[in-house]
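Asks: need coordinates for the following:
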Amino acid sequence: MAGVSERLAAVRERIASAGGDPEKVMVVGVTKGFGADAVKEAVAAGLTDVGENYAQELVTKAGELGDAVRWHYLGAVQRNKVAALAPHVALWQGLDRVAAVEEIARRAPGAHVLVQVNVDRRAGRNGCAPADAGNVVATARARDLVVDGLMAVASPDLDAARRQFRELALMRADLGLRELSIGMTDDLEVAVEEGSTMVRIGRALFGARPERREMRR
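Replies: The predicted model follows:
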């Protein structure tokens, strides 16, 4: 089975085949459920941007790997986890409500963030409503957070995903933002075609995720 280095090369080839520039579309390796060895292999392959969905996993791995990794927090921002995460997170990708803005501004002044938008509009999915995104962005800016862009998880249906990615790209332009964190293993090409600047890749880099034995949020 190919290692992370070979799989990363394949991901970058997919980006190029979709019309993106592999030097400009950031690949964030998603290592949730995997141990620190997967992160070490990613770093050895030249991939230093790594995303985690669960606070405890990020804190544990960051304690072992330190400054070798630029950590992205991809999960919903829970206020009681921010203090533990703040020393390690370079980019908060799951910011979706004013209460989270306030806590990050208190614990990590000047932090870089993305606002997550629920473009799929399914109940229970993380992200603010599209109509609320402007308010979350404005509040974050008023609290001196650096809002780099928007993030979303789209529908598994690729036609619907394309429409949702396009909607988010227009929203990004209207808000004067730079980054667009869209695209995962199964919808990478569609996301790149619609302007992604950052893709979050787990399975295509690390294989099937191990079954989690316990919840570590």
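
Asks: and Leu95, how many neighbours does it have?
Replies: 27 (other Cβ atoms under 10 Å). (Glycine included, C-beta is placed from N, CA and C.)

Asks: tell me the contacts of it?
Replies: For Leu95, the contacting residues are Val77, Val101, Ile104, Val113, Leu114, Val115, Gln116, Val136, Ala140, by Cβ atoms under 8 Å, 6 or more residues apart in numbering.

Asks: return the item of the residues you listed having minimum pLDDT.
Replies: Minimum pLDDT for these is recorded at Val77 (93).

Asks: check the gap between it and Arg70 for me.
Replies: Val77 sits 18 Å away from Arg70, going by Cβ to Cβ, to the nearest Å.

Asks: out of the two, which sits in the busier spot?
Replies: Val77 (24 against 16).

Asks: my read is that the more buried one contacts Val98, right?
Replies: No - using Cβ atoms under 8 Å, Val77 is not in contact with Val98; the gap is 11.1 Å.

Asks: show the end-to-end separation of stretch 134-148, please.
Replies: 13 Å (Cα to Cα, to the nearest Å).

Asks: what's the most distant pair in the contacts of Leu95?
Replies: Spatial extent of the contacts of Leu95 (Cβ to Cβ) is set by the pair Ile104 and Gln116 at 13.0 Å.

Asks: between the two, tell me which one has more neighbours.
Replies: The residue with more neighbours, out of Ile104 and Gln116, is Gln116; 28 against 25, by other Cβ under 10 Å.
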